[in-house]
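Participant: Got a sequence here, can you build the structure:
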Amino acid sequence: TSALEPGVVGWDWFALQLADGRELMYYRLRRADGTATDFSGGTLIAGDGSVTRLSAAEVTVTSTATWTSRTGTTYPAAWHLRAADLELDITPRLPDQELDLAVRYWEGAVAVSGSQSGVGYVELAGY
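Facilitator: Okay, the predicted model is just below:
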């Protein structure tokens, strides 16, 4: 996080594999107020391998729950992600997936439901 531009406190990164064969990757470079910078973005990959680029303006991520770790850090613990024709609810497989290393962050496996089901991985830094 020391290499982030001024005003950016961390990032939220989503990598999702959907039941219909699509894959979604989105990263949100996050300001202190929770909004995404214009450098945020991602890709939606169709089952045939075709790629659609997604800008920050084309994706919304809303935290729908929080979890506080044993270290006292509060993280988002569930999300609603909207992109293209997708309305996805994302929940951790286990809440306690915090890594307390030289840099503390949360990363781990998630389940996807909503307009598509699936599995994925989320990384949260800067909380």
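Participant: So which residues make contact with the strand or helix carrying residue 66?
Facilitator: In the assignment (DSSP states H and E), residue 66 maps to strand 59-68. Strand 59-68 is contacted from outside by 12, 14, 26, 28, 36, 40-42, 74-83, 89, 92, 95-96, using C-beta atoms under 8 Å, 6 or more residues apart in numbering. Glycine gets a C-beta too; all of them are placed from N, C-alpha and C.
Participant: just checking, next helix/strand downstream of the worst-scoring helix or strand of the chain on mean pLDDT?
Facilitator: Within the chain, judged by mean pLDDT, DSSP states H and E, the helix or strand with the poorest mean is strand 98-100; its value is a mean of 90. Per DSSP H and E, the first helix or strand lying C-terminal to strand 98-100 is strand 104-114.
Participant: on that earlier part again, following element in sequence after the strand holding residue 66, please.
Facilitator: Toward the C-terminus from strand 59-68 - assigned by DSSP H and E - lies strand 74-83.
Participant: tell me which residues in that following strand are buried?
Facilitator: Under the neighbour-count criterion of 16 or more other C-beta atoms under 10 Å, strand 74-83 has 75-79, 81, 83 buried.
Participant: just curious, which of those is nearest to residue 55?
Facilitator: residue 83 (10.2 Å; C-beta to C-beta).
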